[in-house]
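**Q** give me the fold of what follows.
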Amino acid sequence: MLQNLSDAGVQLAIGDTGKLKVSGDQSAVDRWLPEIRTHKPELIALLQGTHQGTPPPLTSEQHADIQGVMPFDNVS
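**A** Below you'll find the predicted structure:
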């Protein structure tokens, strides 16, 4: 979801008071706001680095970047 928000031009951050701050293209923010509200606790946990679940799968771009740095072809 964070990648989708970023791709849509929506940025999330944790403010000084610990609250979720949403910024970016207003039409994109308006479109994503119901989804952001639904997942607010999880988003805050992810941004604070305290999420205890399974990390999201890598995108194909992330996988290609890692493959370029750490080739896995010769792993036994």
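
**Q** going forward, measure contacts between C-alpha atoms and count neighbours the same way
**A** Will do.

**Q** helix or strand with the lowest mean pLDDT in this protein?
**A** Within the chain, confidence by mean pLDDT, DSSP states H and E is lowest for helix 60-69 among all helices and strands, at a mean of 72.

**Q** this protein: helices as residue ranges?
**A** If you assign secondary structure with DSSP state H, the helices in the chain sit at 2-7, 26-38, 40-48, 60-69.

**Q** and the second one, what's buried?
**A** Read that as helix 26-38. Residues 29, 32, 36 are the ones in helix 26-38 that count as buried (16 or more other C-alpha atoms under 10 Å).

**Q** just give the nearest non-adjacent residue to the first one, would you?
**A** Beyond its immediate neighbours in the sequence, the residue positioned closest to residue 29 (C-alpha to C-alpha, 6 or more residues apart in numbering) is residue 10, lying 6.0 Å away.

**Q** now do the second one
**A** Take residue 32 and drop its neighbours on the chain: the residue closest to it by C-alpha to C-alpha, 6+ apart is residue 5, 7.6 Å away.

**Q** how close does that neighbour sit to residue 39?
**A** 13 Å (C-alpha to C-alpha, to the nearest Å).

**Q** does the residue nearest to residue 32 touch residue 11 like I think?
**A** Yes: taking C-alpha atoms under 8 Å as the contact criterion, residue 5 and residue 11 are neighbours in contact, 6.8 Å apart.
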